[in-house]
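> Sequence plus predicted model, see below.
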Amino acid sequence: MSIAHNIHYFTSLLPHGVKLVCVSKFHPSSAIQEAYEAGQRVFGESKVQELIEKQAQLPADIEWHFIGHLQTNKIKQLLPYVYLIHGVDSAKLLVEINKEAKKKGLLVNCLLQVHIAKEETKFGFSTEELLFFLQSESFYQLKHVRINGLMGMATNTTNIDTIRSEFKSLKLVFDQLKTSVFSSQNTFTELSVGMSSDYEIAIEEGSTMVRIGSAIFGPRL
């Protein structure tokens, strides 16, 4: 199947209110251009330098999402080009993003990454750490970041019950925050969970944003 066919398949399949983030990391600009010509405008990259290079080569109206683990020394390079940072996985990282955004006069859209998987290799706040941080004075002083929602990655397993349970737990945290910390902010709307292998479960459990790569572009080069 062609990339264009796969884009049309997913855009027709996804329910209203669920955004397709086309994960283009490690795929060439020509593949992204094909997806763009099929109507896709939102692309996800996990390497700062790769995102910057592709941004320069491709149409200006592409919405670039950063979906990788962001190192603090790369923030300065990334900020002018990124629409949404998915994986803000610590208070320290959010503070650093705010610091660089202030220097550049920007308001940066961020999702807070919560560690929901059983694997220690995955990043993110624990639920307890997140709730504590969001109630702290240091959080309220961050005026150059906008928290748009939460992001999570399920355990890499074929056990559907495990995946569903992890997505469900994140949705509970999202709902709790939406009615408490972010009750007065209408921009706290996104729950970014679900990839090529588990997006159907994620949508059933409340995802508003799925990150699909291999099911659109095929295997990475």
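On my side now, so go ahead. Residues are numbered from 1 along each chain as shown.
> What strand or helix carries the residue nearest the centre of the chain?
By Cα atoms, centre = their mean, the chain has its centre lying nearest to H86, at 3.0 Å. Using DSSP states H and E, the element containing H86 is strand 84-88.
> Make sure G87 is actually in contact with L78.
No: using Cβ atoms under 8 Å, G87 makes no contact with L78, being 11.9 Å away. (Glycine included, C-beta is placed from N, CA and C.)
> Please say which of the two ends up with more neighbours.
G87 (24 against 21; other Cβ atoms under 10 Å).
> Pull the contacting residues for that one.
66-70, 111, 113, 123-124, 151 (Cβ atoms under 8 Å, 6 or more residues apart in numbering).
> For it, give its distance to S183.
In this view, G87 and S183 are 25 Å apart by Cβ to Cβ, to the nearest Å.
> where along this structure do the strands fall?
Ranges of strands in the chain, per DSSP state E, are 19-23, 42-45, 63-66, 84-88, 108-113, 145-151, 190-192, 209-212.
> Show me where the chain dips below the pLDDT cut-off.
120-122, 220-221 (pLDDT under 70).
> Scan it for its longest helix.
helix 160-178 (DSSP state H).
> Identify the residue spatially nearest to the residue lying farthest from the centre of the chain, adjacent ones excluded.
For the chain, the residue at maximal distance from the C-alpha centroid (Cα atoms, centre = their mean) is M1, at 26.2 Å. Sequence neighbours aside, Y9 is the residue nearest to M1 in space, at 7.8 Å (criterion: Cβ to Cβ, 6 or more residues apart in numbering).
> Counting neighbours, what do you get for the one you found?
Around Y9 there are 13 residues (other Cβ under 10 Å).
> For it, give its distance to F43.
17 Å.
> In the protein, what residue spans correspond to helices?
3-13, 29-37, 48-57, 75-78, 91-104, 127-134, 137-140, 160-178, 199-204, 214-217.
> could I get those helices as JSON lines with distance to K19?
Listed next are the helices of the chain as JSON lines, based on distance: least, Cβ to Cβ, whole Å:
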{"stretch": "helix 3-13", "distance to K19": "10"}
{"stretch": "helix 29-37", "distance to K19": "14"}
{"stretch": "helix 48-57", "distance to K19": "18"}
{"stretch": "helix 75-78", "distance to K19": "20"}
{"stretch": "helix 91-104", "distance to K19": "22"}
{"stretch": "helix 127-134", "distance to K19": "23"}
{"stretch": "helix 137-140", "distance to K19": "26"}
{"stretch": "helix 160-178", "distance to K19": "15"}
{"stretch": "helix 199-204", "distance to K19": "11"}
{"stretch": "helix 214-217", "distance to K19": "14"}
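> Tell me the bridge partners for the nearest residue to K19 once chain neighbours are set aside.
Distances taken as Cβ to Cβ, 6+ apart put M209 closest to K19, at 4.7 Å, once the chain neighbours are dropped. Beta-bridge pairing for M209 (DSSP bridges): K19, S192.
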